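# Quick one, what's the 3D model for this:
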Amino acid sequence: MTVLPDDGLSLAAEFPDATHEQWQRLVEGVLQKSGKDVSGPAAEQALSTALEDGLSTRPLYTARDAAPDAGYPGFAPFVRGGTAAGIAAAGWDVRQRHATTDPAGTNETVLADLENGVTSLWLGVGPGALPVSGIARALEGVFLDLAPVALDAGGEAGPAARELFRLYEERGIPGDAARGTLGADPLGHEARTGERLDPATAIELAGVCGREYPNLRALTVDALPYHEAGGSAAQELGASLATAVAYLRELTGAGLTVEAACAQLEFRYAATADQFLTIAKLRAARRLWARVAEVSGAPDAGAQRQHAVTSPVMMSRRDPWVNMLRTTVACLGAGVGGADSVTVLPFDHSLGLPDAFARRIARNTSTILLEESHLARVIDPAGGSWYVERLTDELAHAGWEFFQEIERAGGQAAALRSGLIGERLAATWARRSEKLAKRREPITGVSEFPNLTERPVERTASPAGATGGLPRVRRDEAYEALRSRSDAHLASTGARPKVFLAALGPAAAHTARASFAANLFQAGGIEAVHDPVTVDATTAAEAFKASGATVACLCSSDALYEEQAAGVADALKAAGARRVFLAGRPAEFASVDAYVFAGCDAVSVLSSTLDHMGVA
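Got it, this is the predicted structure:
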């Protein structure tokens with residue numbers, strides 16, 4: 001019997017190492033089979049994916065893709081985590097949001113959350129949320145020395161903080177036992193509402209925290225307004241840095257040291273279903289803030305304190321159950337990226353006030369990832385990945401570039417008021433909206449695999465949120481408008497608008513394009529009626545009349561289009577079709593009104609189709 005050396009690698013020892021160039025040649029062969037005649041680096045580039053901010057993801061990363069040394073957790077530049085133990089000691093802080101106007105109802109959900117895995121509370125206070133006078137009732141029965149509280153009170157940050165201080169004193173909570181954040185964020189409030197706030201309140205609260213509550217932070221640097229206005233990851237980073245620098249100037253101008261001023265800030269970022277971008281964004285944010293602290297003369301100020309929130313922009317109103325999957329991936333990205341606190345928004349967040357089931361799933365998302373997936377067992381589990389390290393570095397540079405642009409414009413306040421930030425975010429969202437409209441960025445359950453027979457999930461409407469500042473966008477907004485038109489038509493006529501799919505030839509000829517066309521039309525709330533036995537113009541016309549549809553779409557192979565498309569299209573027009581589409585674009589046919597194909601502007605096609613159907 002031959003005994004192999006126990007080094008784990010000897011079986012491959014006699015094989016020569018493959019080279020990058022050899023891999024590229026293999027890629028060339030694959031691409032040539034799909035009709036792309038490219039070679040060398042161009043072949044690799046053909047498989048790259050463009051991201052926002054001028055970045056791209058390549059198909060392969062190797063040790064040649066060098067990035068700056070990320071260091072060790074707990075040491076500057078804090079890329080690998082803010083503390084030496086990272087989240088391995090206890091996992092991330094599970095922070096759930098409460099923003100109802102009813103103090104008693106808030107108290108009920110607060111206690112349920114704390115009894116079932118939540119470790120800190122995020123309270124919305126002020127107009128459209130909990131009244132300041134209701135904070136005590138909402139926190140009744142809460143051990144404030146065990147459960148950190150994060151306030152989000154906008155223009156009422158001062159009164160809300162003073163009410164929390166009163167509760168600490170009334171309940172005998174020592175100053176060093178109080179933890180959380182008071183949430184003062186005058187520039188974030190201005191971004192949300194357009195209302196300018198005097199920074200004096202934030203400065204006053206920072207002084208109180210510094211003197212009496214060493215573990216309580218006075219200010220929040222909230223990047224969500226920029227994310228929710230359509231901003232990119234780098235724009236989130238740049239705007240948050242500019243906001244934080246503005247606060248540093250105010251606080252140090254009031255007499256605080258740079259170290260003390262840094263200790264008063266907590267940063268809030270969006271976590272999306274793009275897990276690698278989320279991981280890289282949080283790692284890059286800590287690196288950038290470490291750089292700001294260094295050039296401000298406080299290299300030992302410590303790491304950026306981060307609160308990650310699953311993105312409201314990515315949440316869909318149709319097929320909202322898919323949001324559970326989105327928030328799970330976003331939570332994973334936030335945890336792996338090293339966020340100190342993570343808020344998972346309930347899957348029905350976009351529909352109104354979440355019910356008990358939605359809240360339970362939201363808090364259990366973190367529990368599953370921590371207790372069953374064991375994400376907290378390793379510090380910075382993505383660290384060392386050539387892809388993650390390179391993406392972190394590239395994103396940090398892009399974020400710093402936007403930060404510098406804001407600083408050149410006079411700082412965050414000036415850039416907000418001049419419209420510069422709004423213009424930059426709007427331009428980014430316009431480019432992304434084009435991708436969404438063309439389904440280059442799919443929305444599962446909305447633009448891809450929609451379910452027209454789903455029963456709507458109904459919730460009590462949420463109180464009206466703040467308006468007047470930057471807009472709030474959603475990925476599903478264009479398709480939601482189309483589906484709403486279809487819903488109204490269904491309510492008034494008892495049926496949805498229909499498109500007849502004229503599937504020509506055998507299944508092998510039409511199945512792929514029929515499935516594509518059905519998916520596309522259903523994304524706009526148009527029911528696809530498919531007769532699989534359509535074989536010629538006569539049967540197509542008869543089946544169309546029987547379908548109740550007013551428009552039709554030809555689905556088949558290029559070869560059968562050449563033989564039958566013109567005649568079938570003429571027959572469908574004669575049978576009353578207001579518009580005839582063709583799935584694919586092999587040639588132009590006089591009787592075909594429009595073409596649907598991969599990369600077409602689906603939103604425009606669907607909107608004009610509903611117009612032709614007379615759907616208001």
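
# Against Ala565, how distant is Pro586?
9 Å (C-beta to C-beta, to the nearest Å). All C-beta atoms are positioned from the backbone trio N, CA, C, and that covers glycine.

# hey, which helix is longest across the chain?
helix 386-408 (DSSP state H).

# so how far is whatever helix or strand comes next after that one off the chain centroid?
Using DSSP states H and E, the helix or strand that follows helix 386-408 in sequence is helix 412-418. Using C-alpha atoms, centre = their mean, to the nearest Å, the mean C-alpha position of helix 412-418 is found 25 Å from that of the whole chain.

# Going along the chain from helix 412-418, find the next helix or strand for me.
Trace forward from helix 412-418 with DSSP H and E and the next one is helix 420-437.

# Tell me the buried residues in that next one?
By neighbour count with 16 or more other C-beta atoms under 10 Å, helix 420-437 contains the buried residues Leu420, Ile421, Gly422, Arg424, Leu425, Ala426, Thr428, Trp429, Arg432, Ser433, Leu436, Ala437.

# would you list every one of the strands in the stretch 501-616 of the chain?
527-531, 551-555, 579-583, 594-596 (DSSP state E, counting those that start in this stretch).

# I'd like these written out as TSV, with distance to Gly465 and mean neighbour count added.
Formatted as TSV, those follow (distance: least, C-beta to C-beta, whole Å; neighbours: other C-beta atoms under 10 Å):
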stretch	distance to Gly465	mean neighbour count
strand 527-531	34	19
strand 551-555	39	30
strand 579-583	40	24
strand 594-596	37	19
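
# So for Ala76, which of the ones you listed sits nearest?
strand 594-596 (53.8 Å; C-beta to C-beta).

# quick one: low-confidence ranges for this protein?
1-13, 532-535 (pLDDT under 70).

# could you redo the last one with a cut-off of 80?
1-15, 34-35, 40, 66, 88-89, 464-466, 531-535, 585-587 (pLDDT under 80).

# Report the central residue of it.
Thr272 (3.3 Å; C-alpha atoms, centre = their mean).

# Look up how far Leu325 lies from Pro159.
Separation of Pro159 from Leu325 (C-beta to C-beta): 40 Å.

# the more surrounded of these two?
Shown here are Pro159 and Leu325; by other C-beta atoms under 10 Å, Pro159 has more neighbours (17 against 13).

# What's the local residue count around the closest residue to the more buried one other than its chain neighbours?
Leaving aside its sequence neighbours, Pro159 sits nearest to Val132 (C-beta to C-beta, 6 or more residues apart in numbering; 4.8 Å). Counted by other C-beta under 10 Å, the residues lying close to Val132 total 18.

# Check the gap between Val132 and Gly188 for me.
19 Å.

# circling back to that earlier point, tell me which residues are up against the longest helix of the chain.
Residues outside helix 386-408 that contact it (C-beta atoms under 8 Å, 6 or more residues apart in numbering) are 53-55, 57, 61-63, 65, 67-68, 70, 79, 233-239, 241-242, 245, 276-277, 279-281, 283-285, 287-288, 291, 382-383, 412, 415, 420-421, 424.

# Helix 420-437 and that helix, what's the angle between them?
140 degrees (axes from the mean of the first three to the mean of the last three C-alpha atoms, to 10 degrees).
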